[in-house]
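K.L.:
Next come a sequence and a model predicted from it.
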Amino acid sequence: MSTIAELLRSDKLLQDVTIKGWVRTFRSNRFIALNDGSTINNIQCVLDFENTDESLLKRINTGAAIAVTGTLVESQGKGQKVEIQVANIEVLGDSNPEEYPIQPKRHSLEYLRENAHLRIRTNTFSAVMRLRSALSYAVHKYFTENGFYNFHAPIITGSDAEGAGEMFKVTNFEANKAPTDENGNIDYSQDFFGKETNLTVSGQLEAETYAMALGKVYTFGPTFRAENSNTTRHLAEFWMIEPEMAFHDLDMNMDLAEDFIKSVIKDVLSTCKDDLAFLENRLLQEEKSKPANQRSEMSLIEKLKFVSDNNFKRVSYTEAIDILRNSKPNKKKKFQFPVNEWGVDLQSEHERYLVEKHFKCPVILFDYPANIKAFYMRLNDDGKTVRAMDVLFPGIGEIVGGAQREERLDVLKNKMEVLGIEEEELWWYLDTRKFGTAVHSGFGLGFERLVQFVTGMGNIRDVIPFPRTPQNAEF
Ligand code: ATP
Ligand code: MG
Ligand code: MG
Ligand code: MG
């Protein structure tokens, strides 16, 4: 048995072939468009309907699973080189056309989200998810080829790396039955792990301990954040790619982030041509309904080539603030959140302005004010900024957050004290600074934001199989 992708690549003309897949459409009692998931392309199967049982014909419905045996011949029809002249057809699994939710027409993305278990049978979702798979492979390939070891960070942890308070608790206590101590606080010493635990928000702290022994490591796993915002860029469960490198400073870290992103995009540009062409065309159709001045200047593939062939712009936070203060983003000449003073955190409108309007290319912002970044970042000699960097992308905003880590034990302890982080909680993390500390750095890249950029999908819910967002974990 072959896949359709294999058949379309091969020169098996006039040979007998067998294909199993799902019916997309059945026209004139004669033409079946069959798809088996191996490619965006359907194969046309031509039935000799006069010699096919009437009751069998009635069972060839959209969504049914069938097995087809026949001869591969040159196609007379438009849009396909080959087709199968059917000798035998078997229905493996029926699909009632009255009930099947995926009809051969364009459904809205909102409707398909309500059918997340079946939306993968559409062209759009199969293309997106094949690209997601190819990108995942490209990620592992890139790091392996560049001397990194894959490190599996724990999913259940006792730490909050980002200090943003967005953790999902992990507990064995039944609701409202948790034991309390004399002060009325929940007594976690009696819980499953004997302490308070949560789902990881980032594997970074653990990855640092591994980098300080294996040199270069990366984690690529699920992370969890109780984001109560409903945006097109945030999920409660998302996959993060986190490399961490000993003896690498911030400049080397920025070099890696840029090279990594360009490489994986180049990889899928060459391995996923058909799916990208389909998604590009899908976007072109969408663009047609927009007013001319809001249409994108580049097509999807042009954009991917542009990003992977050109340098990202590197700008310090301080320079960025100067640019934003002197900018006129729209007719009202104002941002919704005006940038009045040095030290404020940038909003996504500012990030997108820098990328899309000012520099017109991906931007790496670095040296942020210490007070708006996490505790573990390397303090600069100015005492005010830290060696942090964010990579900002067109249409996406922040795609990477990274930093050179604070390697000096005394400075790190001091910072933790200021922020009220207990040393006992992170004694193991501090040990990396106590024993053989060294300059090291790393970053976190949200995998779904990368998939969004590569596929051109506007909503992050449409690039992960079963999205987790507030009030939504149906599947
Ligand atoms: P944002 O400012 O967009 O909320 P963040 O600064 O909170 O992101 P980091 O802690 O820097 O995020 O995480 C590293 C990367 O993980 C981000 O650059 C982004 O690509 C991704 N990311 C963060 N939060 C989410 C989320 N809720 N859903 C999907 N991806 C996310
Ligand atoms: Mg966030
Ligand atoms: Mg951020
Ligand atoms: Mg960040």
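P.N.:
Structure received. Remember, predicted model here, so these are calculated numbers, not experimental data. Ligands and ions are numbered 1, 2, ... in the order given.

K.L.:
For the stretch 251-400 of the chain, which residues are neighbours of ligand 1?
P.N.:
Those residues of the stretch 251-400 of the chain that sit near ligand 1, judged by CB under 6 Å from any ligand atom, are 398-400. Bear in mind the C-beta positions are built from the backbone N, C-alpha and C, glycine included.

K.L.:
for those residues, which one is nearest residue 273?
P.N.:
If you rank these by distance to residue 273 using CB to CB, residue 399 comes first, at 23.4 Å.

K.L.:
that's a strand at that closest one, yeah?
P.N.:
Yes. Counting by DSSP: H, G, I helix; E, B strand; the rest coil, one finds residue 399 located in a strand.

K.L.:
can you pick the most crowded of the residues of the stretch 251-400 of the chain next to ligand 1?
P.N.:
residue 400 (24 neighbours; other CB atoms under 10 Å).

K.L.:
Regarding the residue lying closest to that residue once chain neighbours are set aside, what is its secondary structure?
P.N.:
Nearest residue to residue 400, sequence neighbours excluded (CB to CB, 6 or more residues apart in numbering): residue 391, at 3.7 Å. Three-state call for residue 391 (three-state DSSP): strand.

K.L.:
got a list of what residue 187 touches?
P.N.:
Contact analysis of residue 187 by CB atoms under 8 Å, 6 or more residues apart in numbering lists 178-181.

K.L.:
May I see these organised as JSON lines, with secondary structure added?
P.N.:
Converted to JSON lines, those look like this (three-state DSSP):
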{"residue": "178", "secondary structure": "coil"}
{"residue": "179", "secondary structure": "coil"}
{"residue": "180", "secondary structure": "strand"}
{"residue": "181", "secondary structure": "coil"}
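
K.L.:
how deep is the closest residue to ligand 1 within the stretch 51-200 of the chain tucked in, by neighbour count?
P.N.:
Per CB to the nearest ligand atom, residue 162 is where the stretch 51-200 of the chain lies closest to ligand 1, at 4.9 Å. Residue 162 has 19 neighbours, counted by other CB under 10 Å.

K.L.:
for residue 290, same thing?
P.N.:
Using other CB under 10 Å as the criterion, the residues surrounding residue 290 number 10.

K.L.:
Quickly note the distance from it to residue 233.
P.N.:
20 Å (CB to CB, to the nearest Å).

K.L.:
Check the secondary structure at residue 283 for me.
P.N.:
helix.

K.L.:
Excluding covalently adjacent residues, which one is nearest to it?
P.N.:
Closest residue to residue 283 apart from its sequence neighbours, by CB to CB, 6+ apart: residue 456 at 4.8 Å.

K.L.:
hang on, isn't that neighbour packed against residue 281?
P.N.:
No. Between residue 456 and residue 281 there is no contact under CB atoms under 8 Å: 10.6 Å.

K.L.:
Could you look up the SS state of the residue of the stretch 51-200 of the chain closest to ligand 1?
P.N.:
Following three-state DSSP, residue 162 is assigned to coil.

K.L.:
Phi and psi next, for the residue nearest to residue 283.
P.N.:
phi 80, psi 10 (degrees, to the nearest 10).

K.L.:
Give me the pLDDT value at it.
P.N.:
In this model, residue 456 is scored at 97, pLDDT.

K.L.:
start at 41 instead
P.N.:
Sure, I'll start numbering at 41, so the last one becomes residue 496.

K.L.:
Would you mind measuring from it to ligand 1?
P.N.:
According to CB to the nearest ligand atom, to the nearest Å, residue 496 and ligand 1 sit 17 Å apart.

K.L.:
Tell me the bridge partners for the residue nearest to residue 440.
P.N.:
Beta-bridge pairing of residue 431 under DSSP bridges involves residue 404, residue 440.

K.L.:
who touches it in this structure?
P.N.:
Each residue near residue 431 by CB under 8 Å, 6+ apart is listed here: 297-298, 301, 352, 402-404, 438-440, 442, 483, 485.

K.L.:
Over to residue 93?
P.N.:
Contacts of residue 93 (CB under 8 Å, 6+ apart): none.

K.L.:
Distance check, it against residue 84.
P.N.:
Distance of residue 93 to residue 84, computed by CB to CB: 21 Å.

K.L.:
ok, now residue 168?
P.N.:
Computed as CB to CB, the residue 168 to residue 84 distance reads 24 Å.

K.L.:
if you count what's nearby, which of the two comes out ahead?
P.N.:
Neighbour count, other CB under 10 Å: between residue 168 and residue 84, residue 168 has more, with 27 against 19.

K.L.:
For the more buried one, give its distance to residue 281.
P.N.:
Distance of residue 168 to residue 281, computed by CB to CB: 18 Å.

K.L.:
Residue 96 too?
P.N.:
49 Å.

K.L.:
more crowded one of the two?
P.N.:
residue 281 (24 against 14).

K.L.:
Enumerate every residue touching the more buried one.
P.N.:
Per CB under 8 Å, 6+ apart, neighbours of residue 281: 179, 258-260, 484-485, 487, 490.

K.L.:
Neighbour-wise, give me the winner out of the contacts of residue 227.
P.N.:
residue 218 (15 neighbours).

K.L.:
Which residues does the nearest residue to it once chain neighbours are set aside form beta bridges with?
P.N.:
Distances taken as CB to CB, 6+ apart place residue 226 nearest to residue 218, at 4.6 Å, with adjacent residues excluded. Per DSSP bridges, the residues bridged to residue 226 are residue 220.

K.L.:
Assess the claim that residue 226 and residue 220 are in contact.
P.N.:
Yes. If you go by CB under 8 Å, residue 226 and residue 220 touch, sitting 5.9 Å apart.

K.L.:
Run the chain-centre distance for the helix or strand hosting residue 492.
P.N.:
Using DSSP states H and E, residue 492 maps to helix 487-495. Chain-centre distance of helix 487-495: 5 Å, with CA atoms, centre = their mean, to the nearest Å.

K.L.:
what helices or strands is that helix leaning on?
P.N.:
helix 163-185, strand 277-286, helix 290-311, helix 340-349, strand 437-444 (3 or more CB pairs under 8 Å, 6 or more residues apart in numbering; DSSP states H and E).

K.L.:
okay if I get those as TSV plus mean pLDDT?
P.N.:
Below are those laid out as TSV (pLDDT from 0 to 100):
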stretch	mean pLDDT
helix 163-185	98
strand 277-286	98
helix 290-311	98
helix 340-349	98
strand 437-444	97
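
K.L.:
would you list the ones you listed in CSV and tack on distance to residue 104?
P.N.:
Below are those laid out as CSV (distance: least, CB to CB, whole Å):
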stretch, distance to residue 104
helix 163-185, 17
strand 277-286, 33
helix 290-311, 31
helix 340-349, 33
strand 437-444, 41
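
K.L.:
quick one, which of those is nearest to residue 358?
P.N.:
Each of the helices and strands packed on helix 487-495 has some distance to residue 358 by CB to CB; the shortest is helix 290-311, at 15.0 Å.
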